[in-house]
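Trainee: here are the coordinates; sequence isn't available:
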Ligand code: 10G
Ligand code: SF4
């Protein structure tokens, strides 16, 4: 007999979920810069697309700006960090012109895509970039090459109407956080229209994007609701919502904090899926699971596809500063 007054609920908790190695490294760079140089440390753009992370760093002395020109003249000697999404070449060039000290937190896997795009161009190929217009990573990747040498492709429908300089001299790269399945469709359409299209030397969609989508595919079938912890401007988190819906979740939504959950809409549910985008801290996942425990008799089933071991070290100068476990504790949940 169920002596609990609470209705039973199974939470399928995806693994891997949450922080990827590039996000962890980028946040460490800001934390260590604050430790080494003191506040303020300026950060151009949200270091990663998550309000909890940004607010937490702001409380420690980080100052977020849109452009380098927003940094007051009297603070020109303070460090400025570039976000994990990468920046156009013009940004470090601008920092150098202004005699600013910058720390580049671009994920190494984004830098790899930059290099692949530059290689295509060096070998005489026009570059097709598959990605979402206006996203900072896309702006950064396009900004590695001279204007006019990259064409953005967002959808399969666009492929038929593409106008390129020379169909025999084409290479592609992609944004790192796209839907694996949608991107495969776009690449197939491009290859069918341009048989001489050259692929990058390795996959542009990163391991973290692929792994989080795979775990959602495993957990989603038959769930009454799927919650993805992440922000509305987080591309990879939004893709997880789409994947959950396509793979059998009755509904799927993004949530930034437990306080946003629509409890009315949770009436009658018996199974939910939970994952978190690459920029969403584990402490918020735990907060959400705890909020369900307050209302339901919860059983957690782990939906695990693969164990991640990737770790991207910070630059040598900051490594010497030494990261204490307590420095990152504001982002970790119980048990970490
Ligand atoms: O998913 P996007 O690119 O919007 O970024 P995010 O900050 O939510 O997650 C981390 C991913 C990156 C830094 C892009 S490589
Ligand atoms: Fe790097 Fe992938 Fe994380 Fe982006 S999502 S920061 S490419 S590991």
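Mentor: Good, I have the coordinates. Everything numeric here is computed off the predicted structure, so don't read it as measured data. Numbers count the residues shown, from 1 in each chain. Ligands and ions are numbered 1, 2, ... in the order given.

Trainee: ok, which stretches of the stretch 101-250 of the chain are strands?
Mentor: 101-104, 126-130, 150-153, 170-174, 225-229 (DSSP state E, counting those that start in this stretch).

Trainee: What residues of the second one count as buried?
Mentor: Buried residues in strand 126-130, counting neighbours by 16 or more other C-beta atoms under 10 Å, are found at 126-130. Every residue, glycine included, has its C-beta placed from N, CA and C.

Trainee: got the contact list for that strand?
Mentor: By C-beta atoms under 8 Å, 6 or more residues apart in numbering, the residues outside strand 126-130 that reach it are 117, 120-121, 138, 141-142, 145, 149-154, 162, 164-166, 169-175, 178, 183, 186-187, 190, 197.

Trainee: Could you do the fourth one as well?
Mentor: Counting by C-beta under 8 Å, 6+ apart, the neighbours of strand 170-174 from elsewhere in the structure are 113, 116-117, 119-120, 123, 125-131, 141, 153, 164, 183, 187, 190, 194, 196-200, 204-205.

Trainee: May I ask you to confirm that residue 314 belongs to a strand?
Mentor: No. Secondary structure of residue 314 (DSSP: H, G, I helix; E, B strand; the rest coil): coil, not part of a strand.

Trainee: and it, what is it in contact with?
Mentor: Taking C-beta under 8 Å, 6+ apart as the test, what residue 314 contacts is 25, 28-29, 32, 323.

Trainee: Okay, and which of these map to helices?
Mentor: Within the contacts of residue 314, residues falling in helices by DSSP state H are 25, 28-29, 32.

Trainee: Farthest-apart pair in those residues, please.
Mentor: 25 and 32 (10.2 Å; C-beta to C-beta).

Trainee: where's residue 322 relative to residue 28, distance?
Mentor: 11 Å (C-beta to C-beta, to the nearest Å).

Trainee: Then residue 301?
Mentor: Separation of residue 301 from residue 28 (C-beta to C-beta): 32 Å.

Trainee: repeat for residue 97
Mentor: For residue 97, the distance to residue 28 (C-beta to C-beta) stands at 28 Å.

Trainee: quick one, which of these two is more surrounded?
Mentor: Between residue 97 and residue 28, counted using other C-beta atoms under 10 Å, residue 28 has the larger neighbour count: 20 against 10.

Trainee: is it true that the more buried one touches residue 328?
Mentor: Yes. Contact status for residue 28 versus residue 328: in contact at 7.1 Å, counting by C-beta atoms under 8 Å.

Trainee: okay, now residue 44: neighbour count?
Mentor: When neighbours are defined as other C-beta under 10 Å, residue 44 has 22 of them.

Trainee: Sorry, wrong one. I was asking about residue 148.
Mentor: Residue 148 has 8 nearby residues by other C-beta under 10 Å.

Trainee: And the pLDDT for it?
Mentor: The score at residue 148 is 96. That number is its pLDDT.

Trainee: circling back to that earlier point, run through the contacts of residue 314 and flag the ones next to ligand 2.
Mentor: Contacts with ligand 2 are made by none of those, judged by C-beta under 6 Å from any ligand atom.

Trainee: what's the neighbour count on the residue in the stretch 1-150 of the chain that ligand 2 sits nearest to?
Mentor: When distances are taken as C-beta to the nearest ligand atom, the stretch 1-150 of the chain reaches nearest to ligand 2 at residue 22, 2.5 Å away. Residues lying near residue 22 (other C-beta under 10 Å) number 27.

Trainee: ok, now which ones touch it?
Mentor: Counting by C-beta under 8 Å, 6+ apart, residue 22 touches 84, 107-110, 206, 208, 278, 312.

Trainee: got a list of what the residue of the stretch 151-300 of the chain found nearest ligand 2 touches?
Mentor: Residue nearest to ligand 2 within the stretch 151-300 of the chain: residue 206 (3.1 Å; C-beta to the nearest ligand atom). By C-beta under 8 Å, 6+ apart, the contact list for residue 206 reads 20, 22, 107, 109, 176-177.

Trainee: Would you list the buried entries among those?
Mentor: 20, 22, 107, 109, 176-177.

Trainee: can you list those in a markdown table and add distance to residue 296?
Mentor: Supplementary listing: the buried ones among the contacts of residue 206 in a markdown table, determined by distance: C-beta to C-beta, whole Å:
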| residue | distance to residue 296 |
| --- | --- |
| 20 | 30 |
| 22 | 34 |
| 107 | 37 |
| 109 | 38 |
| 176 | 36 |
| 177 | 32 |
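
Trainee: Please flag which of these sit within helices.
Mentor: With DSSP H as the criterion, helices contain 22, 109 from among the buried ones among the contacts of residue 206.

Trainee: Turn the buried ones among the contacts of residue 206 into a markdown table, columns for pLDDT.
Mentor: Shown next, in a markdown table, are the buried ones among the contacts of residue 206 (pLDDT from 0 to 100):
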| residue | pLDDT |
| --- | --- |
| 20 | 98 |
| 22 | 98 |
| 107 | 98 |
| 109 | 98 |
| 176 | 98 |
| 177 | 98 |
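
Trainee: of the buried ones among the contacts of residue 206, list those near ligand 1.
Mentor: The subset of the buried ones among the contacts of residue 206 within reach of ligand 1, by C-beta under 6 Å from any ligand atom, is 22, 107, 176-177.
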